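> Predicted coordinates and the sequence they were generated for:
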Amino acid sequence: MPETNMKFIMEEQRSINMAHPTGKWAEAEIRRDDIKDLMEKTKKLATMYSDLLAIKREGWENVLRAQVKREAKEKEKQNG
């Protein structure tokens, strides 16, 4: 049993050496397009959500302003 494992390791080592005859690994640029795409989509989603929150904030500010005006008019009617 150990002989077959050793044989496999030797064959694997030989195939690695044949792929890289000098025994050195060449540095390659890391390309992770899937992560780049995910980051772009996340950025787009965050921007859309930020815009949505800005719209909702503006709407609530308008509601609160109208409520303050309504309360002020009611106070005037009660006082005057």
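Structure received.
> going forward, measure contacts between C-alpha atoms and count neighbours the same way
Fine.
> And the helices in this structure?
If DSSP state H is used as the criterion, the helices of the chain fall at 2-19, 33-79.
> With respect to Glu27, which of those lies nearest?
Comparing these against Glu27 with CA to CA, the closest turns out to be helix 2-19 (14.7 Å).
> Tell me how confident the model is about the closest one, as a mean pLDDT.
Across helix 2-19, the average pLDDT comes to 52.
> Then stretch 61-79?
Average pLDDT, stretch 61-79: 94.
> Residue numbering should commence at 10 henceforth.
Sure, I'll start counting at 10 from here, so that last one is stretch 70-88.
> who's in contact with it?
When contacts are defined by CA atoms under 8 Å, 6 or more residues apart in numbering, stretch 70-88 is touched by no residue outside itself.
> is it possible to export the helices of the chain to a markdown table including distance to Ala35 and mean neighbour count?
Below are the helices of the chain laid out as a markdown table (distance: least, CA to CA, whole Å; neighbours: other CA atoms under 10 Å):
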| stretch | distance to Ala35 | mean neighbour count |
| --- | --- | --- |
| helix 11-28 | 12 | 11 |
| helix 42-88 | 21 | 11 |
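> Dump the ones you listed to JSON lines, plus distance to Glu36.
Supplementary listing: those in JSON lines, determined by distance: least, CA to CA, whole Å:
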{"stretch": "helix 11-28", "distance to Glu36": "15"}
{"stretch": "helix 42-88", "distance to Glu36": "18"}
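> Out of the ones you listed, the one nearest Trp34 is which?
Between the helices of the chain, helix 11-28 lies closest to Trp34; by CA to CA that is 10.0 Å.
> Great, nothing more from me.
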